[in-house]
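Asks: attaching a predicted model along with its sequence, questions to come.
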Amino acid sequence: MAKTLILILGDQLTPKIASLHGADPSDYVILMAEVMAEAGYVPHHQKKIAFLFSAMRHFAEELRDLGWVVDYVTLDDPANAGSLSGEVLRVAQRHGAIRLRVTEPGEWRVLDELRALDAVLDLEILPDSRFVTSHAEFDAWAERRKALRMEYFYRDMRRKTGLLMDGEEPTGGQWNFDHDNRKPASRELLMPRPLRFAPDTMTEAVLDLVEARFAGNFGKLRPFWFATRRADAEAAFDHFLKTALPRFGDYQDAMLANERFLYHAVVALYLNCGLLDPLAMARAAEEEYRAGRAPLNAVEGFIRQIIGWREYVRGIYWREGPDYVRRNALGATRPLPSFYWTGETDMACIRACVEQTRDEAYAHHIQRLMVTGNFAMLAGVDPFAVHEWYLAVYADAYEWVEAPNTVGMSQFADGGLLASKPYAASGAYIDRMSDYCGGCRYEVKAKAGTSACPFNYLYWDFVARHRDRLKGNPRMAQMVRNYDRFAEPRKAEIAGDAARFLATLDGGI
Ligand code: FAD
Ligand code: DLZ
Ligand code: SF4
């Protein structure tokens, strides 16, 4: 009997992937392919491409060790068809396969491409069982509600998984300990570091390939220190549990120029491609609390990110449909300033975040949300351009998780579906949570004039531009009233400063 083809995508790197459930290796051929269509749909960071190709190659070895036949197509294979569907057709023909099995991809674009193969192959697309919530469960939850607030979804996830539950009650008597989690960090704190791995021969070969084919892409390729094998990713996570989790909550929102990782896990890249399992991670974190090695505010905060935010944004992505990435509720049209690629700006906070992104293909949540994201929204940058940037530059970026975070949470471009208010902030917030302002040519405490921090007048200009929309938002109405109380000369000063500054950006005023 002709074999069935199983396609495993670059972000499905686990033997527990649904397409392998219950399958007998002797009846199947697995296809994994490095293709230009995937490596080029946005100009991915060099480290992101290298990470994923190396992780894919290591996973192919892991599968072979488990007895699977794996047809692995490298990017430089002269016969490479260039796209996932092209490779499926080519390899299906080679093996005489008429059936294709695949776990659903993490992006509408790829889903449409795979669905089109239905015309030529007997196609089976399986739900991705790596998530706690299925699409149907999320939709059923959303149907019952007017506002899709993460907090209520998260409580249901706690009940469903039993994580941090004592019977029917949340452990510690509270669902959420976020009020304990807003501390700025000091440079004197002893900082943990993510575990680093020297590239092995397989990774070195991929680094050479990326150097040869993607040298023009954003980002520094070397030094390359990500784990690319499952055992190493697990060691990196274990290292986080032991060294950083206890303070994860306290310093979750802090930013320091010379401490790029602080107490963050730096695991989303491993988790999103399948090297780590979310529920196993959440249970391991809970165990740190139960064993008295980490406090509840830290463990609850971490678990909320994994079974709360991560699941919730995925639910929103699939529920809202393929046009979600094009939403633009605030009508923003400015091109993305070139300093998002070069880091060449006098704003020390943006410079630090872009340089770190360039070097590490990593920035933590508050850098993404409150520095680069906040600035883009205040400056009125087209949210689709912002979305493409985030999708390209972070090693953990796949559309299902990146787009709701960018379009919804950080740009308010879905009009408040995901976030109850725009994450807009002036320089005072950045100054409170970071050490960036001390080294900046702008003065964070100055409100107006050429030396004032641009976030200050851009914030009020944003409130003024979107006054009518924001005055109806209970969490922004006070800011609108504050703006309305400004005397006319002050309002004119804000508008003038903003116009002068925005004129210096790509796209002019
Ligand atoms: P930690 O801070 O240590 O958190 C632990 C884990 O929780 C993360 O690894 C991640 O899996 C999960 N998590 C935390 N916050 C979120 C969130 N808001 N949404 C989903 N999962 C979350 N995350 C991605 O995984 N991929 C993206 O492409 C991505 N793009 C983002 C774009 C913007 C504009 C913003 C504001 C956030 C984005 N996030 C994205 C969410 C978050 O910033 C990253 O998950 C986090 O910074 C990854 O670093 P870490 O592993 O050190 O996470
Ligand atoms: C991100 C990515 C890249 C850079 N390259 C490949 C690839 O060559 N082959 C592949 O199967 N997957 C790749 N991916 C991941 C896919 O783009 C990902 O599966 C979709 O974005 C859906 O999440
Ligand atoms: Fe950023 Fe303003 Fe602080 Fe400079 S002064 S680092 S621009 S917040």
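Replies: Arrived safely, thanks for sending. Ligands and ions are numbered 1, 2, ... in the order given.
Asks: got a list of what Ala385 touches?
Replies: 335-336 (Cβ atoms under 8 Å, 6 or more residues apart in numbering). C-beta here means a position set from N, CA and C on the backbone, and glycine is covered the same way.
Asks: ok, the one helix or strand it maps to near ligand 2 or not?
Replies: Ala385 belongs to helix 383-393 when assigned by DSSP states H and E. No. Using Cβ under 6 Å from any ligand atom, helix 383-393 stays clear of ligand 2, with a minimum separation of 8.9 Å.
Asks: other SSEs contacting the next helix or strand after that helix?
Replies: Using DSSP H and E, the next helix or strand after helix 383-393 towards the C-terminus is helix 399-403. Using 3 or more Cβ pairs under 8 Å, 6 or more residues apart in numbering; DSSP states H and E as the contact criterion, the elements in contact with helix 399-403 are helix 310-320, helix 383-393.
Asks: ignoring the adjacent residues along the chain, who's closest to Tyr154?
Replies: Gly308 (3.5 Å; Cβ to Cβ, 6 or more residues apart in numbering).
Asks: isn't the one you found right next to Phe153, touching?
Replies: Yes. Between Gly308 and Phe153 a contact is recorded at 6.9 Å, counting by Cβ atoms under 8 Å.
Asks: any idea of the mean pLDDT for the longest helix that the chain contains?
Replies: Looking only at the chain and at elements set by DSSP state H, the helix with the highest residue count is helix 46-65. On average, the pLDDT along helix 46-65 is 98.
Asks: which positions within it qualify as buried?
Replies: Neighbour-count burial for helix 46-65 flags 46-60, 62-63 (criterion: 16 or more other Cβ atoms under 10 Å).
Asks: please apply the same query to stretch 323-337.
Replies: For stretch 323-337, a neighbour-count test (16+ other Cβ under 10 Å) marks 324-325, 327, 329-330, 332, 334, 336-337 as buried.
Asks: for these, give me a markdown table that also has distance to Leu84, pLDDT and secondary structure.
Replies: Below are the buried residues of stretch 323-337 laid out as a markdown table (distance: Cβ to Cβ, whole Å; pLDDT from 0 to 100; DSSP: H, G, I helix; E, B strand; the rest coil):
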| residue | distance to Leu84 | pLDDT | secondary structure |
| --- | --- | --- | --- |
| Tyr324 | 22 | 98 | helix |
| Val325 | 20 | 98 | helix |
| Arg327 | 27 | 98 | coil |
| Ala329 | 33 | 98 | coil |
| Leu330 | 35 | 98 | coil |
| Ala332 | 33 | 98 | coil |
| Arg334 | 34 | 97 | strand |
| Leu336 | 28 | 97 | coil |
| Pro337 | 33 | 97 | coil |
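Asks: okay if I get those residues as CSV plus distance to Ala498?
Replies: Shown next, in CSV, are these (distance: Cβ to Cβ, whole Å):
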residue, distance to Ala498
Tyr324, 29
Val325, 27
Arg327, 24
Ala329, 20
Leu330, 15
Ala332, 14
Arg334, 12
Leu336, 18
Pro337, 14
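Asks: the helix holding Ala385: how far from the chain's middle?
Replies: 11 Å (Cα atoms, centre = their mean, to the nearest Å).
Asks: same question, stretch 366-381
Replies: Relative to the centre of its chain, stretch 366-381 is centred 15 Å away, using Cα atoms, centre = their mean.
Asks: same question for stretch 284-295.
Replies: 26 Å.
Asks: same question, stretch 310-324
Replies: 13 Å.
Asks: as CSV, could you dump the C-alpha coordinates of that stretch?
Replies: The C-alpha coordinates for stretch 310-324 follow below in CSV (Å, rounded to 0.1, in the frame of the first residue of the first chain):
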residue,chain,number,x,y,z
ARG,A,310,-0.8,32.6,25.5
GLU,A,311,-4.0,30.5,25.1
TYR,A,312,-6.2,33.6,25.0
VAL,A,313,-4.3,35.4,22.2
ARG,A,314,-4.4,32.2,20.2
GLY,A,315,-8.2,32.0,20.7
ILE,A,316,-8.6,35.6,19.5
TYR,A,317,-6.4,35.1,16.4
TRP,A,318,-8.4,32.1,15.1
ARG,A,319,-11.7,33.6,16.1
GLU,A,320,-11.2,36.9,14.5
GLY,A,321,-10.2,35.5,11.1
PRO,A,322,-7.5,36.3,8.5
ASP,A,323,-8.3,40.0,8.2
TYR,A,324,-7.4,40.6,11.9
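Asks: in it, what's buried?
Replies: 310-320, 324.
Asks: hmm, back to that, which residues touch the residue nearest to Tyr154?
Replies: Contacts of Gly308 by Cβ under 8 Å, 6+ apart are 150-151, 153-154, 157.
Asks: phi first, then psi, for Val73.
Replies: phi -110, psi 120 (degrees, to the nearest 10).
Asks: give me the neighbour count for the closest residue to it other than its chain neighbours.
Replies: Closest residue to Val73 apart from its sequence neighbours, by Cβ to Cβ, 6+ apart: Ala33 at 4.1 Å. Residues within reach of Ala33, counting by other Cβ atoms under 10 Å, total 27.
Asks: again with the one 3 residues further on
Replies: When neighbours are defined as other Cβ under 10 Å, Met36 has 14 of them.
Asks: residue contacts, it?
Replies: 75, 80, 82-83.
Asks: again with Leu458
Replies: By Cβ under 8 Å, 6+ apart, the neighbours of Leu458 are 375, 378-379, 498, 501-502.
Asks: hang on, the earlier thing: most neighbours, which of the contacts of Gly308?
Replies: When neighbours are taken as other Cβ under 10 Å, the top entry among the contacts of Gly308 is Met157 (23 neighbours).
Asks: just to be sure, that one is in a strand?
Replies: No. Counting by DSSP: H, G, I helix; E, B strand; the rest coil, one finds Met157 to be helix, located in no strand.
Asks: what separation do you get for it and Trp175?
Replies: As judged by Cβ to Cβ, to the nearest Å, Met157 and Trp175 stand 11 Å apart.
Asks: now swap in Cys453 and tell me
Replies: 36 Å.
Asks: and the two? Which one has more around it.
Replies: Between Cys453 and Trp175, counted using other Cβ under 10 Å, the more crowded position is Cys453 (25 against 18).
Asks: which outside residues touch stretch 448-455?
Replies: 347, 374-375, 378, 425-427, 430, 437, 440-446, 456-457, 493-494, 497, 500-501.
Asks: to clarify, my last question referred to stretch 62-71.
Replies: Residues contacting stretch 62-71 (Cβ under 8 Å, 6+ apart): 8, 15, 20, 25, 28-32, 60, 91, 94-95, 229-230.
Asks: ligand 2: which of those residues is nearest?
Replies: Met32 (6.6 Å; Cβ to the nearest ligand atom).
Asks: the closest one: which element?
Replies: Per DSSP H and E, Met32 falls inside strand 28-33.
Asks: about what we covered before: dump the buried residues of stretch 310-324 into CSV; add distance to ligand 2 as well.
Replies: Formatted as CSV, those follow (distance: Cβ to the nearest ligand atom, whole Å):
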residue, distance to ligand 2
Arg310, 14
Glu311, 16
Tyr312, 18
Val313, 14
Arg314, 11
Gly315, 16
Ile316, 16
Tyr317, 11
Trp318, 12
Arg319, 17
Glu320, 16
Tyr324, 15
